[in-house]
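Chemist: what follows is a predicted protein model with its sequence.
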Amino acid sequence: MDRTSIFNVKELRQELILINLNEIIASLEAKGYNATNQLVGYFLTGDEKYITSYDNARKKIKKFDRSEVLMAIINAYLGR
């Protein structure tokens, strides 16, 4: 039986961003950083040095535009 699946690319991308963000938060916390403070610093300045390189967290955050990550966070908060 052939079935066509429909994917919402926007929703999948948002989910990918949130998964990566959770991994980044875990890496920051594993190194003893306050994840909230570090992420705020990163979002305000764009300086990736706020994100640890431990467990490739810095590479993970650089895969996405800052505004795209913020939109994903806000959409998740609003339940969208």
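Modeler: Yes, it's here.

Chemist: pLDDT of the helix ranked longest in the chain, averaged?
Modeler: For the chain, the helix that runs over the most residues, judged by DSSP state H, is helix 9-30. In this model, helix 9-30 has a mean pLDDT of 95.

Chemist: residue 42 and residue 13: what is the separation?
Modeler: Look at residue 42 and residue 13: by CB to CB, to the nearest Å, they are 20 Å apart. Placement of C-beta: from N, CA and C, glycine included.

Chemist: which one's more surrounded, those two?
Modeler: Using other CB atoms under 10 Å as the criterion, residue 42 and residue 13 rank with residue 42 on top: 19 against 13.

Chemist: contacts only, for the spatially most central residue of the chain.
Modeler: Here the mean C-alpha position of the chain is nearest to the C-alpha of residue 21 (CA atoms, centre = their mean), at a distance of 3.0 Å. Neighbouring residues of residue 21 by CB atoms under 8 Å, 6 or more residues apart in numbering: 61, 69, 72-73.

Chemist: what's the closest of the residues you listed to residue 2?
Modeler: Of all the contacts of residue 21, residue 2 sits closest to residue 72, with 33.1 Å by CB to CB.

Chemist: what about the helices in this structure?
Modeler: Going by DSSP H, the chain shows helices at 9-30, 35-45, 57-62, 66-78.

Chemist: off-centre distance for the longest one?
Modeler: For helix 9-30, the separation from the chain centroid amounts to 4 Å (computed by CA atoms, centre = their mean, to the nearest Å).

Chemist: then the last one?
Modeler: What separates the centre of helix 66-78 from the centre of its chain is 9 Å, taken as CA atoms, centre = their mean.
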